[in-house]
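Peer 1: My questions are about this predicted structure, shown below with the sequence.
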Amino acid sequence: MENMIYILYICIVVPLALSLPLIHKASRRIMVFIIIGISSALFISEVNGLLLRLMNFDAEYVTTIITPATEEVIKAIPILIYAFVVSDNIDKLIGSSFALGIGFALFENTYILINSMEVVSIQWAIVRGFSTALMHGICTAYVGYGMSFIRKRKKLLFCGTFALLTMSIIYHGVFNMLVQSESLKYLGFVLPLASYVLVAKEPIMRYKNRKKSEKNSISE
Amino acid sequence: MYLIANIIVCVGALAGYIYGEIKLFRTGKNMLYAQMIALSLLCITYGRLYHIVRLVTDGSITESFQLGFLGVLGSLIFFFSSNFGAVDSLVDDGSKELKKYRLIALAAPAAAVVLYVSLFLWGEVAPLWRVQGAVLTLLVIPTSYFNLKHLIFPDVEGGFVKCLRPYNFLVLIYMASMMLECFAMSRNNGLLTLISCCIAGLSAAAMIPMVVRGSKIWKT
């Protein structure tokens, strides 16, 4: 069906946008970034379609070399703006960037689901849910994590941002290559999950330590 | 041959990063300079991982542009940012007495240009490698300038210039080996690629121990 991607976008984004005034401030930030992630996915789908046509529909080349770069750059832009204009707080940046990546993956998964109704299965859903969604979240969280350091020194700004982007682009490229290969695709499914454990450990530990110190200060 | 060469660099850089993660990120101390060097090693690891996965999944890394090349660029940018953004203002106060050291340091970028012209512009070299060589040289120019500058500059109070000299020397070796590898791959020379990768892998593995030794004296 023509315009399906726009129909889907409206169906998902409008209810989320309408909920914004009613939810708590901290949750609102996350929700805004989810919406930005969904919008980025819509935008990038057009860009990727154009690139695919330019590359004579060589899907393997485009998905392992070009789309990781375009997707990561587009996803990073809102995070960079947030880091420079609003806050460089590490917790906020990681949370927001992860939400953006998840929003992106959410829309991508839904669109692929609608386009491949005949072949999808529970296994497909588990793989997409755990691997692709996490991969998008982790790649954007990399940029968010790095931005919290880079903003502290203006001299590091451009170089640091580019270096962080290259890391997330390569990670994305490795993932795309792994999941497309026959022999190593299971490694591709595990890679984001393993990275998630490493990425999530630090904020959780920081949260626990903060709670512990708050508890201690109350008891004193 | 390419696979073994990339595995060597990947393992060397990963070992260096893991050592850096333990020594620099988990101590709770703010050592931005050293942390950026550790991140550059992570960048190298990712780039090589991309090449490894490409080779394992029956692809070729010499015929078209590969995202793994961004790993090399990212690492150079991290090296440049760490020297230019984090320590240069402490090493060089801009005084006229130090002008001769600044001039001598220009020898490194000049050597990079000479290497590029002699290795990539003369003879039958594919346009892809001419462009990749040019991009690599463009990043080697500023990075090598600061590395050589910090290698030859007189020591300052605290003695950290002296302590970081072995590290700066290793980065110069790493950059030379990267140019050599780029040249070897442009000529499809597996043996030369292996030799340059062995040098790059060893220098990457040794960087963090050198930085850790230096950062015991000076921290930023």
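Peer 2: Yes, it's here. Numbers count the residues shown, from 1 in each chain, chains lettered A, B, ... in the order given.

Peer 1: alpha carbons only for contacts and neighbour counts from here, please
Peer 2: Noted.

Peer 1: Where does pLDDT dip in chain A?
Peer 2: Across chain A, residues meeting the criterion (pLDDT under 70) sit at A:1-2, A:149-157, A:199, A:202-203, A:219-220.

Peer 1: which residues of it fall in helices?
Peer 2: Along chain A, counting by DSSP state H, helices occupy A:4-19, A:25-54, A:59-61, A:67-85, A:90-115, A:122-127, A:133-150, A:157-180, A:185-219.

Peer 1: Can you tell me how far the residue lying closest to B:Asp92 once chain neighbours are set aside is from chain A?
Peer 2: Nearest residue to B:Asp92, sequence neighbours excluded (CA to CA, 6 or more residues apart in numbering or on different chains): B:Leu98, at 7.8 Å. In this structure, B:Leu98 and chain A are 22 Å apart, going by CA to the nearest CA, to the nearest Å.

Peer 1: cool, B:Gln132 as well?
Peer 2: Distance of B:Gln132 to chain A, computed by CA to the nearest CA: 15 Å.

Peer 1: need the contact list for that residue.
Peer 2: Under the criterion of CA atoms under 8 Å, 6 or more residues apart in numbering or on different chains, the contact list for B:Gln132 reads B:Cys182.

Peer 1: and the strand or helix carrying it, which residues are buried?
Peer 2: Following DSSP states H and E, one finds B:Gln132 within helix B:127-152. For helix B:127-152, a neighbour-count test (16 or more other CA atoms under 10 Å in any protein chain shown) marks B:129-130, B:132-134, B:136-152 as buried.

Peer 1: Stretch B:77-90 now?
Peer 2: For stretch B:77-90, burial by neighbour count (16+ other CA under 10 Å) applies to B:77-87.

Peer 1: If we only consider the residues you listed, which is nearest to B:Ser186?
Peer 2: Relative to B:Ser186, the closest of the buried residues of stretch B:77-90 is B:Ile77; by CA to CA it sits at 22.8 Å.

Peer 1: secondary structure element for that closest one?
Peer 2: According to DSSP H and E, B:Ile77 maps onto helix B:68-81.

Peer 1: circling back to that earlier point, please convert the helices of chain A to TSV, extending it with distance to chain B and mean neighbour count.
Peer 2: What follows is these, written out as TSV (distance: least, CA to the nearest CA, whole Å; neighbours: other CA atoms under 10 Å in any protein chain shown):
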stretch	distance to chain B	mean neighbour count
helix A:4-19	29	13
helix A:25-54	16	18
helix A:59-61	10	15
helix A:67-85	9	19
helix A:90-115	14	22
helix A:122-127	20	12
helix A:133-150	8	25
helix A:157-180	4	24
helix A:185-219	10	14
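
Peer 1: Just the endpoints, please. Distance across stretch A:181-189?
Peer 2: One end of stretch A:181-189 to the other measures 11 Å (CA to CA, to the nearest Å).

Peer 1: Could you check how far that stretch is from the centre of its chain?
Peer 2: With CA atoms, centre = their mean, to the nearest Å as the basis, stretch A:181-189 stands 21 Å off its chain's centre.

Peer 1: Repeat that for stretch A:72-79.
Peer 2: For stretch A:72-79, the distance to the chain centre is 9 Å (CA atoms, centre = their mean).

Peer 1: separation between the residue nearest to B:Ala107 when sequence neighbours are not counted and B:Ala112?
Peer 2: Here the nearest residue to B:Ala107 in space, its sequence neighbours aside, is B:Tyr145; by CA to CA, 6+ apart that works out to 7.7 Å. Between B:Tyr145 and B:Ala112 the computed distance is 10 Å (CA to CA).

Peer 1: and the nearest residue to B:Thr137 once chain neighbours are set aside, what helix or strand is that in?
Peer 2: Among residues not flanking B:Thr137 along the chain, B:Ala112 sits closest, at 6.2 Å (CA to CA, 6+ apart). Secondary structure assigned from DSSP H and E places B:Ala112 in helix B:107-116.

Peer 1: List the buried residues for that helix?
Peer 2: Applying a neighbour-count criterion of 16+ other CA under 10 Å, one finds B:107-109, B:111-113, B:115-116 buried in helix B:107-116.

Peer 1: Residue numbers of chain B in contact with chain A?
Peer 2: Proximity of chain B to chain A, by CA under 8 Å from any CA of the partner chain, involves residues B:43, B:46-47, B:49-50, B:53-54, B:57, B:66-68, B:70-71, B:73-75, B:77-78, B:81-82, B:84-86.
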